[in-house]
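> What follows is a predicted structure for the sequence shown.
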Amino acid sequence: MERPTMNGRPGQGGFTYLTVMIMVVVAGIALNGAARYWQTTMKRAREAELLFRGDRIARGLFAWKKDGGTYPRRLEVLLKDPRVPGIRRYLRKIYPDPMTPDGEWGLITDQAGGIRGVFSKSGERPLKIGNFPPAYATFTGAQKYSAWRFVYVPRSSARTPQPENVQEGEGK
């Protein structure tokens, strides 16, 4: 004797349940793929922001040094130069590090304690490992974001700042 189901037809209840379970599994797989895609997209956006912010800070440090001969001891002085009576800005704001939760940059200092450059404190592996603009060719093949060092030094014959290759041990 067959067992009756809710709709009165025998043997149909298990098929509907199995179909719903398969749909739940397929939806879970699709959502997992979408989440991975979204994470990758967000990481690429943060990488682009890291390149932009690091470049702006390094250019501000370069301009400060060019105008005064020494590197600043704090990033905040790039917002308003206390050495001149008027308002001279090298940055509009202190950009936080987009790769770390606290937004704090690692500082690369000279022997006198002046800030020569910044780097991300993130130990994450970058998605972008090549095809950098010529100014950032030293970033090629870096295994972590903290190897992306934003330091500018003047070239004797060029008027535009050029990046300096900084060794891993430098910086505070």
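Cool, the structure landed.

> quick one: stretch 69-78 to chain centroid distance?
Distance of stretch 69-78 from its chain centroid, counting by CA atoms, centre = their mean, to the nearest Å, is 23 Å.

> Count the residues that sit near Y152.
23 (other CB atoms under 10 Å). Where you see a C-beta, it was placed from the backbone N, CA and C, and this is true even at glycine.

> Test of understanding: give the bridge partners of it.
Beta-bridge partners for Y152, by DSSP bridges, are P163.

> buried set for stretch 42-50?
By neighbour count on 16 or more other CB atoms under 10 Å, the buried set for stretch 42-50 is R46, E47, L50.

> Could you look up the SS state of F150?
In three-state terms, and counting by DSSP: H, G, I helix; E, B strand; the rest coil, F150 is strand.

> so it touches G60, yeah?
No: contact criterion CB atoms under 8 Å: F150 and G60 do not qualify, at 10.4 Å.

> okay, these two: which has more neighbours?
Set F150 next to G60 and count neighbours by other CB under 10 Å: F150 wins out with 27 against 22.

> and that one, what is it in contact with?
Contacts here follow CB atoms under 8 Å, 6 or more residues apart in numbering; on that basis F150 touches G54, D55, I57, A58, G117, V118, F119, P163.

> So which of these sits lowest on pLDDT?
On pLDDT alone, P163 ranks lowest of the contacts of F150, at 53.

> How far does stretch 71-84 sit from its chain's centre?
Its chain's C-alpha centre and that of stretch 71-84 lie 24 Å apart, by CA atoms, centre = their mean.

> Ok, stretch 94-106 next?
The chain centre lies 9 Å from the centre of stretch 94-106; the measure is CA atoms, centre = their mean.

> do stretch 65-78 as well
24 Å.

> State the distance spanning the first to the last residue of that stretch.
11 Å (CA to CA, to the nearest Å).
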